[in-house]
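Peer 1: fold the stuff below for me.
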Amino acid sequence: MTRCRNVFFLAFLITVAWSLPLFAQTIDIDAAKKEARVVVYAAVPPQTMKVINDPFEKKYGIRVDYWRASTTGILERALNEWRVGQAGADVIEGNKGPQLILKSEGVFDKFMPPSAGKFPQQFLEPDGILTPWRFNPISILYNTELVKKEELPKTLSDLLLPRWRGKITIPDPSRHTTTAQFLADLDRYEGIKWREFAKGLAQQQPLMVESFAPIVNTVIKGEAPLGITYLKYVGQYKGPIDYVRLNKYLADTNYMGVSKKAAHPNAGRLYVEYICSPEGQKAMAATGEFVLAPQISPSFQDAADVAQRTLFMEEPTAEEFKKLREEMRQIFLVR
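Peer 2: Numbers count the residues shown, from 1 in each chain. Model (predicted):
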């Protein structure tokens, strides 16, 4: 009987082990310190990422060479470097869709940081190649000095009202992959047909910029009183801005990966682990970021409610992205 119980228990342990993500790779901290440097490509503004980069440098004595661009810019640079055999980054961070494109090209090595094992299982990649670490709900930001609360759009469809013609700023969806993805996913909102909405938005003559980040300053300066962008910026920028409380928020997940051709692979793994650790996740949440560690959220008003109302966007393939951006070019008459 005892032997049967032991066999059953061993079988149970094997079943549990196979049902969990693999976190087999260890991190050699001494080797990382000897490398003394890590090169990071990421979509997070440098002033925000200082809460990670500065403590990481101080704690481990490893210099962080940080290059920031839009997710589209990161995808283009990393892909071009990879294809000519000159991979410049040790760690690449960006939105899920473009990161999956890089993954399909074989850019990333297999590595899942131990701290990510505490993240919600539904976000983790079974193959352990990419690591999710934050998510970005999208809303309408507005200038509180230029738009009265009673005038605010209550839904995304309200952006098509005549009063907002020439008063909206968005990233150029023919160039910015996440905006194209956001518009295409609006069918998941009840009553919104995305092509009709996109055509209506184009007729509003929006001010189009490169990515989500410039939207904030555009709204703060009053160049456009409304903007579609990440609502986290409300907690990261000073100025007369707030966000529209929507019934649902579409969001994308940001992934990190360590390059197969990393010049500093151990430092890269340690950097990813630090961001996923409770220390790193709390530091990022304090800047307004929505992170994946349980029970850690931004401190600005209604942030916890936002997380509960968030839907995650579907991820197009590389070919679907190409077709989608071309369709956006035609809708928004971009040359």
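Peer 1: hmm, His176 and Thr329 touching each other?
Peer 2: Heads up, residue 329 is Arg, not Thr. No. Judged on C-beta atoms under 8 Å, Arg329 makes no contact with His176 at a distance of 11.8 Å. Any C-beta I mention is one placed from the backbone N, CA and C, and that applies to glycine too.
Peer 1: so how far is stretch 299-311 off the chain centroid?
Peer 2: 16 Å (C-alpha atoms, centre = their mean, to the nearest Å).
Peer 1: contacts only, for Leu193.
Peer 2: For the record, residue 193 is Lys, not Leu. Counting by C-beta atoms under 8 Å, 6 or more residues apart in numbering, Lys193 makes contact with Leu186, Asp187.
Peer 1: how close does it get to Gly200?
Peer 2: Separation of Lys193 from Gly200 (C-beta to C-beta, to the nearest Å) stands at 10 Å.
Peer 1: same thing with Thr253?
Peer 2: Counting by C-beta to C-beta, the gap from Thr253 to Gly200 is 28 Å.
Peer 1: tell me which of these two has more neighbours.
Peer 2: Thr253 (20 against 15; other C-beta atoms under 10 Å).
Peer 1: and that one, backbone torsions?
Peer 2: Main-chain dihedrals, Thr253, degrees, to the nearest 10: phi -110, psi 140.
Peer 1: pick out the residue closest to the middle of this structure.
Peer 2: For the chain, the residue nearest the mean C-alpha position is Asn254 (3.2 Å; C-alpha atoms, centre = their mean).
Peer 1: what's the pLDDT at that residue?
Peer 2: On the pLDDT scale, Asn254 is placed at 93.
Peer 1: for the longest strand along the chain, C-alpha coordinates in PDB please.
Peer 2: Across the chain, the longest stretch assigned as strand under DSSP state E is strand 131-143. Taking Å, rounded to 0.1, in the frame of the first residue of the first chain, the C-alpha atoms of strand 131-143 are listed here in PDB:
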ATOM      1  CA  THR A 131       8.700  37.000 -20.800                       C
ATOM      2  CA  PRO A 132       5.600  39.200 -20.300                       C
ATOM      3  CA  TRP A 133       6.100  41.800 -17.600                       C
ATOM      4  CA  ARG A 134       3.600  44.600 -18.000                       C
ATOM      5  CA  PHE A 135       0.400  45.500 -19.900                       C
ATOM      6  CA  ASN A 136      -0.900  48.800 -21.300                       C
ATOM      7  CA  PRO A 137      -4.600  49.700 -21.300                       C
ATOM      8  CA  ILE A 138      -5.500  52.300 -23.900                       C
ATOM      9  CA  SER A 139      -7.900  55.100 -23.300                       C
ATOM     10  CA  ILE A 140      -8.700  58.700 -24.300                       C
ATOM     11  CA  LEU A 141      -6.500  61.300 -22.600                       C
ATOM     12  CA  TYR A 142      -7.800  64.900 -22.400                       C
ATOM     13  CA  ASN A 143      -6.700  68.300 -21.400                       C
END
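Peer 1: give me the sheet partners of it and which way each runs.
Peer 2: strand 226-230 (antiparallel), strand 241-243 (antiparallel), strand 249-258 (antiparallel), strand 290-291 (antiparallel) (DSSP bridges).
Peer 1: neighbouring contacts of the second one?
Peer 2: By C-beta under 8 Å, 6+ apart, the list of residues contacting strand 241-243 from outside reads Ser139, Ile140, Leu141, Tyr142, Asn143, Thr144, Val216, Val219, Ile220, Leu231, Tyr233, Val234.
Peer 1: these: which two are farthest apart?
Peer 2: Based on C-beta to C-beta, the longest span within those runs between Ser139 and Ile220 and measures 15.7 Å.
Peer 1: low-confidence ranges in this protein?
Peer 2: Along the chain, the parts satisfying pLDDT under 70 run over 1-25, 335.
Peer 1: residues contacting Arg83?
Peer 2: Arg83 neighbours (C-beta under 8 Å, 6+ apart): Glu105.
Peer 1: if you set the cut-off to 10 Å instead, what comes out?
Peer 2: Glu105, Val107 (C-beta atoms under 10 Å, 6 or more residues apart in numbering).
Peer 1: in this structure, which spans are helices?
Peer 2: Using DSSP state H, the helices of the chain run over residues 2-19, 29-35, 46-60, 71-83, 96-104, 177-184, 194-203, 213-220, 265-276, 278-285, 303-308, 318-331.
Peer 1: columns distance to Gly117 on top of those, output as CSV?
Peer 2: Converted to CSV, these look like this (distance: least, C-beta to C-beta, whole Å):
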stretch, distance to Gly117
helix 2-19, 12
helix 29-35, 18
helix 46-60, 20
helix 71-83, 26
helix 96-104, 19
helix 177-184, 27
helix 194-203, 36
helix 213-220, 31
helix 265-276, 9
helix 278-285, 12
helix 303-308, 21
helix 318-331, 30
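Peer 1: what's the neighbour count on Trp67?
Peer 2: Neighbour number of Trp67 under other C-beta under 10 Å is 14.
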